[in-house]
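[1] Coordinates for the following, if possible.
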Amino acid sequence: MKQIDPKTPIWKLTVEEFLDISKKLNSENKYEYGLKGLAKILGCSVSKASEIKSSGILDKAIIQNGNIIIINKEKALQLFAKK
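    Take a look at the predicted model:
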């Protein structure tokens, strides 16, 4: 990816440059946190997200230490699709 001046207006970017920038932004947001984050990923209520988490379906996508929950978005969606 070539270096783009941050002061460049969006309308001056090529489609390729714009897609490169958007991919970079999407890859930075790889994780969600807590049951609210899981509910956001799955598009359901927090209580349903808790139920799904407790079922063990998403264990490979979830890291938990005490009350702290970190969810890998991509892996969670892949595991949920296999269900």
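
[2] For this protein, which segments are assigned as strands?
    31-33, 62-65, 68-72 (DSSP state E).

[3] Rebuild these as CSV, extending it with mean pLDDT and mean neighbour count.
    C-beta: built from backbone N, CA, C; applies to glycine. Formatted as CSV, these follow (pLDDT from 0 to 100; neighbours: other C-beta atoms under 10 Å):
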stretch, mean pLDDT, mean neighbour count
strand 31-33, 93, 15
strand 62-65, 95, 12
strand 68-72, 95, 17
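
[4] which stretches of the chain have low pLDDT?
    Within the chain, the segments meeting pLDDT under 70 span 1, 26-28, 83.

[5] just so I have it, where are all the helices in it?
    Counting by DSSP state H, the chain has helices at residues 15-28, 34-42, 46-55, 73-82.

[6] Show me how far the first one is from its chain's centre.
    The chain centroid and the centroid of helix 15-28 are separated by 15 Å, computed with C-alpha atoms, centre = their mean, to the nearest Å.

[7] what's next to it, contact-wise?
    1-2, 4, 10, 13 (C-beta atoms under 8 Å, 6 or more residues apart in numbering).

[8] re earlier: so can I have CSV of the strands of the chain showing distance to Ala49?
    As requested, the strands of the chain are arranged in CSV below (distance: least, C-beta to C-beta, whole Å):
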stretch, distance to Ala49
strand 31-33, 10
strand 62-65, 11
strand 68-72, 10
